[in-house]
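Student: here's a sequence, model it:
(chains A and B)
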Amino acid sequence: MNLSIEGIGVVGGFGCGTDALVSALLSGQCTPEDVSVKTPEGPLNMAVFSAETSRLEEFVNKRALRRVDHFSKMAILGSYLALQDAGKLEEDRSRMGIIIATGYGAARTTYAFLDSFIADGDTFASPTTFSNSVHNAAVANVSMLLNITGPGLTVSQFEMSVASALLTARCWLEEGTVDSVLFGAVDEYCDILGYCWHRFFGDRATAAHDMDPFNFDLQSAVPGEGASFFLLSRGGGGSQYGSIKDVYLGMTDRYIETQDPGTIFFIGADGHKVCGANYKRFLSEHAPAACYTPLYGSLPAGMAFDIAIAALSIKSGEIFPSMPLKDERPGTDTAGRVLLPRTGPICCVKISNRGELGTVTLGL
Amino acid sequence: MSPGAVAITGMACICAPGSNLPECMGSVFRGERNFGAPMRFASGHAAAYPVFEVADDLALLETRNTPDISRTGRLSLKAAFEAIRGAGLDREFLCSKRVGVCMGTTVGCVMNNEAFYRAYLEKQYPNMADITRFLQSNPAAVVAREFDLTGPRQTIVNACSSSTDAISTGALWIRSGICDIVLAGGADELSHVAYNGFASLMITDSSPCKPFDRDRKGLNLGEGAAMIVLESEGLRRMRGRGARAFVLGFGASCDAYHPTAPHPDGRGLRRALKEAIASSGAEEREIAFVNAHGTGTQDNDRVESAVLNDMLPGVPFLSTKGYTGHTLGAAGAIEAVFTVACLERGRIPASAGFTSPDLRLPASPAGREMKIKGSVAISESLAFGGHNSVLVFGMGGDAT
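Tutor: Take a look at the predicted model:
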């Protein structure tokens, strides 16, 4: 069954909303900000694609957000933007379900809760912080603010979170459990993540500013954060963004090509050398490909941004220039450095370092 | 039987009552309550909140593909071994089929290793061993890797209803034809962080928990894992395998009311229960009992008692958390497995910890072990975030 994409809401390092994303896609410009990371060598600067949520005040009274953390704010903003884009901010949501995919959940609040009792003892643990630290806090906050009373689901499967969660969204719509699904993905950056990057990737963690995802042998990942949300419904025809035609979850070594000729692949290679070989192998049999991770950074739920970009490509009828905007790499067949007419389906591909594969195919 | 019924051909459980399902059921029906002070961490609280821990340290559990995984990962595997064996399956057969894994957890997906973080705060610059272990311990991935399964993997983190939702999602994958078999369940280890979290909310009892009792003061945490093997009818018949039970129906809803408290009128629970019963095709007279969420907190038990009294008057209900503690992300799966095991026995145990009826509650749980009438049973979960999930199970049958 096809999932019609009725609306999109995005916030990330490129800005807020689909206009900001399209603008970044056309210019190829998205500059990460420097954050300080605690390391054994002293504080070091590291580039991060950060998300800013001040536009949330267009939708929600500031007071209603006073106990809401950054993770949930990104999800709430993505949700409102998706519903607004679909023209369905005012509709009844008793037959709507909500599904959120996340790799690490509310990371900052998770550590804030530890802070609350590590300094002064167990009895000082903060109840508010604890309840906001659970992975499904974003679903709870979105459902409360938007009065969504259908089923809710939060999925955490690292890089496969988005494809895995979409599989269940499709089942809900197929079985008629709900009439629509507010589907989103969200992940956030935190200090500990920065520290871990430095320990895992050494100097490459702090040196990287320009992600070079087609250079599969180079560690060039820059951490990112943000949210990408969609309003999905049954059926395929009519939506300006087209629809999700297929969702696949499995292993790269068992993947059987089922894509139509003319398919272009949006790969989620995000500058992690450990995943590079898997993408390289995949691309040796699947081309042409484009990559947009340098616009939003590296985050487990990043595939949802590629889905948003695919939907925007369907709307515009053109494939946005692949990133980075420089020479093609030997052995790859990229989508080029200019806008190309879109001719066939778009298959978004995410591969983990263990060879897990998720694909989401969109078309008209 | 409802056209959407999905067969259960294997079940497993490890929690405080025992290290496999027969042990657990034996212990529960003997009325044993294996609680104590936490064994794996020290508490700085003045009150010693009892916990229900798994006695086995699981260190000797042999894993094929990832030796360094979390305790939650090991609990998941222990349950998977038992469930797969019980279903008459083996690695080779599983590798030849489309097998998905859907697991629920809470603690198992949170990157909050306390020792690591304390070292980080103290500028000891910890190495990445704890983080690597976390990254290798996603419960669904752990199980899939161990058995070389190539189907979809999904770890659901819906707080206390996580594994109820995992079972319903697994059934959905079977019905939709995505998988031939789904290993569905949940796992969670006891953690100092969660212990402090529930203590901070002041919903933890300093004595053994007393769900639905007049003197209830809150929950006790526990740990464990449970798993169900869900199988397509086509495959089950081809294997000539009987069904231990069927997943007949499911309902879920968001309260959209409060981050931690249930809606006072049980709005979401009523909807989830109604949808679950409707989708199961079961008649009210067929419902033998309800395995309630029954945490022992004031709010949860008040809401559940009222909803069950309104919607299923006279149907016996119980809470098994008095035997297991609240195992968070594993609770739904453990209670689902207990529900099916009770259907098989034709009896339910006493609702542990319940001795004095609360006159403010319109209905009370089973105060003693009892014989049940009916071929259908219900398992309920209510979660932080206002999520409600309800599963309906039907009695199993032979291979035809």
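Student: and B:Asp90, how far from chain A?
Tutor: Counting by CB to the nearest CB, to the nearest Å, the separation of B:Asp90 from chain A is 19 Å. Any C-beta I mention is one placed from the backbone N, CA and C, and that applies to glycine too.
Student: distance check, the nearest residue in space to that residue that is not next to it in sequence against chain A.
Tutor: Computed as CB to CB, 6 or more residues apart in numbering or on different chains, the closest residue to B:Asp90 that is not its neighbour in sequence is B:Ile84, at 7.4 Å. Plainly put, B:Ile84 is 19 Å away from chain A if you go by CB to the nearest CB.
Student: same question, B:Tyr117
Tutor: Using CB to the nearest CB, we find B:Tyr117 at a distance of 5 Å from chain A.
Student: so what's that residue scoring on pLDDT?
Tutor: With respect to pLDDT, B:Tyr117 scores 97.
Student: now do B:Ser2
Tutor: So, for B:Ser2, pLDDT stands at 76.
Student: tell me the SS of it?
Tutor: Following DSSP: H, G, I helix; E, B strand; the rest coil, the label given to B:Ser2 is coil.
Student: circling back to that earlier point, can you give me the pLDDT of the residue nearest to B:Asp90?
Tutor: For B:Ile84, the predicted pLDDT is 98.
Student: now name the helix or strand holding it.
Tutor: helix B:71-86 (DSSP states H and E).
Student: so what touches the helix or strand following that helix?
Tutor: As assigned by DSSP H and E, the chain's next helix or strand after helix B:71-86 is helix B:91-95. Applying CB atoms under 8 Å, 6 or more residues apart in numbering or on different chains, the contact partners of helix B:91-95 are B:84, B:147-150, B:181.
Student: in helix B:91-95, what counts as buried?
Tutor: By neighbour count with 16 or more other CB atoms under 10 Å in any protein chain shown, helix B:91-95 contains the buried residues B:Leu94.
Student: and the next helix or strand past it?
Tutor: Next in line after helix B:91-95, if elements are assigned by DSSP H and E, sits strand B:99-104.
Student: which parts of the following helix or strand past that next one are buried?
Tutor: Going down the chain from strand B:99-104, the next helix or strand is helix B:114-121, by DSSP H and E. If you call a residue buried by 16+ other CB under 10 Å, then helix B:114-121 has these buried ones: B:114, B:116-117, B:120.
Student: the strands in the stretch 251-400 of chain B, which residues?
Tutor: Taking DSSP state E, counting those that start in this stretch as the criterion, the stretch 251-400 of chain B contains strands spanning B:287-291, B:317-318, B:347-348, B:370-371, B:376-383, B:387-397.
Student: how about low-confidence regions in the stretch 201-350 of chain B?
Tutor: Within the stretch 201-350 of chain B, no stretch has pLDDT under 70.
Student: my bad, the stretch 251-364 of chain A
Tutor: Checking the stretch 251-364 of chain A against pLDDT under 70 turns up A:257, A:325-342.
Student: which residues of it lie near chain B?
Tutor: A:251, A:254, A:354, A:356 (CB under 8 Å from any CB of the partner chain).
Student: please repeat the previous calculation with a cut-off of 6 Å.
Tutor: A:251, A:254 (CB under 6 Å from any CB of the partner chain).
Student: can you pull out the helices in the stretch 251-364 of chain A?
Tutor: For the stretch 251-364 of chain A, helices defined by DSSP state H, counting those that start in this stretch occupy the ranges A:273-285, A:293-296, A:303-316.
Student: could you dump the strands of the stretch 251-400 of chain B into a markdown table with mean neighbour count added?
Tutor: Output for those, formatted as a markdown table (neighbours: other CB atoms under 10 Å in any protein chain shown):
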| stretch | mean neighbour count |
| --- | --- |
| strand B:287-291 | 25 |
| strand B:317-318 | 26 |
| strand B:347-348 | 22 |
| strand B:370-371 | 12 |
| strand B:376-383 | 28 |
| strand B:387-397 | 26 |
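Student: switch these over to a markdown table; also include distance to chain A.
Tutor: Converted to a markdown table, the strands of the stretch 251-400 of chain B look like this (distance: least, CB to the nearest CB, whole Å):
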| stretch | distance to chain A |
| --- | --- |
| strand B:287-291 | 20 |
| strand B:317-318 | 23 |
| strand B:347-348 | 28 |
| strand B:370-371 | 33 |
| strand B:376-383 | 7 |
| strand B:387-397 | 5 |
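Student: I'd like the ones you listed as JSON lines, with distance to A:Ala165 appended.
Tutor: Formatted as JSON lines, the strands of the stretch 251-400 of chain B follow (distance: least, CB to CB, whole Å):
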{"stretch": "strand B:287-291", "distance to A:Ala165": "28"}
{"stretch": "strand B:317-318", "distance to A:Ala165": "33"}
{"stretch": "strand B:347-348", "distance to A:Ala165": "35"}
{"stretch": "strand B:370-371", "distance to A:Ala165": "41"}
{"stretch": "strand B:376-383", "distance to A:Ala165": "17"}
{"stretch": "strand B:387-397", "distance to A:Ala165": "15"}
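Student: deepest of the helices of the stretch 251-364 of chain A, which one?
Tutor: Highest mean neighbour count of those: helix A:293-296, a mean of 28 (counted as mean count of other CB atoms under 10 Å in any protein chain shown).
Student: what about dumping the CA coordinates of it to CSV?
Tutor: This file holds the C-alpha atoms of helix A:293-296, laid out as CSV (Å, rounded to 0.1, in the frame of the first residue of the first chain):
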residue,chain,number,x,y,z
THR,A,293,24.0,14.5,4.5
PRO,A,294,26.4,17.6,4.4
LEU,A,295,23.3,19.7,4.8
TYR,A,296,22.0,18.2,8.0
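Student: just how off-centre is it within its chain?
Tutor: 10 Å (CA atoms, centre = their mean, to the nearest Å).
Student: again with stretch B:102-110
Tutor: The answer for stretch B:102-110 is 11 Å, by CA atoms, centre = their mean.
Student: repeat for stretch B:376-383
Tutor: That offset, for stretch B:376-383, works out to 10 Å (CA atoms, centre = their mean).
Student: go on, stretch B:6-26?
Tutor: 11 Å.
Student: give me the mean pLDDT for it.
Tutor: Rounded mean pLDDT across stretch B:6-26 is 98.
Student: before we move on, what about stretch B:51-64?
Tutor: 86.
Student: just the CA trace of that stretch, in PDB.
Tutor: The C-alpha trace of stretch B:51-64 is given here as PDB (Å, rounded to 0.1, in the frame of the first residue of the first chain):
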ATOM      1  CA  VAL B  51      13.100  -4.900  44.000                       C
ATOM      2  CA  PHE B  52      12.400  -8.100  42.100                       C
ATOM      3  CA  GLU B  53      15.800  -9.200  40.600                       C
ATOM      4  CA  VAL B  54      16.700 -12.100  38.400                       C
ATOM      5  CA  ALA B  55      19.000 -14.300  40.500                       C
ATOM      6  CA  ASP B  56      21.000 -15.500  37.600                       C
ATOM      7  CA  ASP B  57      23.900 -13.200  36.800                       C
ATOM      8  CA  LEU B  58      23.700 -14.400  33.100                       C
ATOM      9  CA  ALA B  59      27.500 -14.000  32.800                       C
ATOM     10  CA  LEU B  60      27.800 -17.600  31.600                       C
ATOM     11  CA  LEU B  61      25.200 -17.200  28.900                       C
ATOM     12  CA  GLU B  62      27.000 -18.100  25.700                       C
ATOM     13  CA  THR B  63      26.400 -15.800  22.800                       C
ATOM     14  CA  ARG B  64      27.600 -16.400  19.300                       C
END
